[in-house]
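Peer 1: Need a 3D model of the following:
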Amino acid sequence: MCGVTVCGSMCGVTVCRSMYGVTVCGSMSGETGPSVCGSMFRVTVCEFMYGVIVCLPMIGVRARRVNPDTARLSRDQGQFTLISGHKTDPGFLLHHFLSYYLKAGCSVCVVSLTQSFNHYSVIAQKLGVSLSCARDRGQLHFLEGLRCFTRLLFADSAELEAENPLRFLRNGSDLRPLYNFITAALAPPAGGEWKCPVLIIDDVSVLLSLGVTSVQVLDFIHYCRAGVCSRYQGNVVCLVQGDEGSEDAEYELLLRSLCHQSGLILQVEGLVTGFCKDVHGELTITRRTHNTERPVTYQYKIHDKSVSFFARGLSAAVL
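Peer 2: You can find the predicted model right below:
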């Protein structure tokens, strides 16, 4: 397969073993598509950014042979995915989810409390997606938290303040204005132009720094799950950035509660040994099904337009 990252293989294909009980392997005979061994299982295969294949529970495949260029893949809906970062930035996963869902024709609402629209737009262009065009045609709804907060501070009229989704920061009320903005943005259109709605939040822990309690944040996430996942049959991707084991009780309560509610947990951590130019960190994928957890850990390296994943100790520098 052209452009596929090698994970401990001599034939230039991605090999993910013991992932959700199946084996995804490539072919040594020059075929262009990977083969899925064991078609009786429901496996998840996703093209990660540019040519990197990793198992993520977004696409359900039932096939003997899967061609990433031509296969028609269906998504698991009603999924709540939590992304957490420890001593590193897990933002590259958000950019993957954003570009993937836009390419799949989903209606996406991004609540960005840390970065601007231009930041996302520049990275999305490298991944082959134009956020400006998606926003113009109504597929993407983007809330810039920094700009909304600035407008809230310098609002000179009650009407401007009433239209701000973050007006709860001034009066100390609940997060209902933000929830109303999300539900209005992801409401199914009359013509059914877009597919399942998707909510992406970056970064929900910022609300704690703005004076919102962890209980209010958890109530807000609960209503988002009920509205987007249950009512609209969509997906929610939430990022929490912080340090595990910190003395912040509010953050610990928020992180533990969100982990308990999540069906998929993506934990990104920096290397314990420090910085390395060939290995940027570790990604632990935990799929929770029927009260069981099956974590799998990979190391990764971020490139300009892609991310390479490999087992521990199997980076290109070592091999």
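
Peer 1: Give me the residue ranges of the stretch 201-319 of the chain where confidence is low.
Peer 2: For the stretch 201-319 of the chain, applying pLDDT under 70 flags the ranges 243-246, 316-319.

Peer 1: which residues in it form strands?
Peer 2: Using DSSP state E, counting those that start in this stretch, the strands of the stretch 201-319 of the chain run over 235-241, 264-269, 281-289, 292-302, 307-310.

Peer 1: Format the CA atom coordinates belonging to the first one as PDB.
Peer 2: Once non-C-alpha atoms are left out, strand 235-241 reads as follows in PDB (Å, rounded to 0.1, in the frame of the first residue of the first chain):
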ATOM      1  CA  ASN A 235     -21.000  11.600  17.900                       C
ATOM      2  CA  VAL A 236     -19.200  13.700  20.500                       C
ATOM      3  CA  VAL A 237     -15.500  14.200  20.700                       C
ATOM      4  CA  CYS A 238     -14.200  15.900  23.800                       C
ATOM      5  CA  LEU A 239     -10.700  16.900  24.700                       C
ATOM      6  CA  VAL A 240      -9.400  17.400  28.300                       C
ATOM      7  CA  GLN A 241      -5.900  18.800  28.700                       C
END
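
Peer 1: could the strands of the stretch 201-319 of the chain be laid out in TSV, adding mean neighbour count and distance to Phe168?
Peer 2: To be clear about C-beta, it is placed using only N, CA and C from the backbone, and glycine gets the same treatment. As requested, the strands of the stretch 201-319 of the chain are exported to TSV (neighbours: other C-beta atoms under 10 Å; distance: least, C-beta to C-beta, whole Å):
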stretch	mean neighbour count	distance to Phe168
strand 235-241	24	18
strand 264-269	20	28
strand 281-289	18	31
strand 292-302	15	34
strand 307-310	22	36
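
Peer 1: among the ones you listed, which is nearest Val108?
Peer 2: Closest approach to Val108 among the strands of the stretch 201-319 of the chain (C-beta to C-beta): strand 235-241, 9.6 Å.

Peer 1: packing partners for that closest one?
Peer 2: Other elements packing on strand 235-241 under the criterion 3 or more C-beta pairs under 8 Å, 6 or more residues apart in numbering; DSSP states H and E are strand 80-86, helix 91-103, strand 195-202, helix 214-224, helix 249-261.

Peer 1: what about stretch 167-185, average pLDDT?
Peer 2: The average pLDDT within stretch 167-185 is 87.

Peer 1: Go ahead and measure how far that stretch is from the middle of the chain.
Peer 2: The chain centroid and the centroid of stretch 167-185 are separated by 22 Å under C-alpha atoms, centre = their mean, to the nearest Å.
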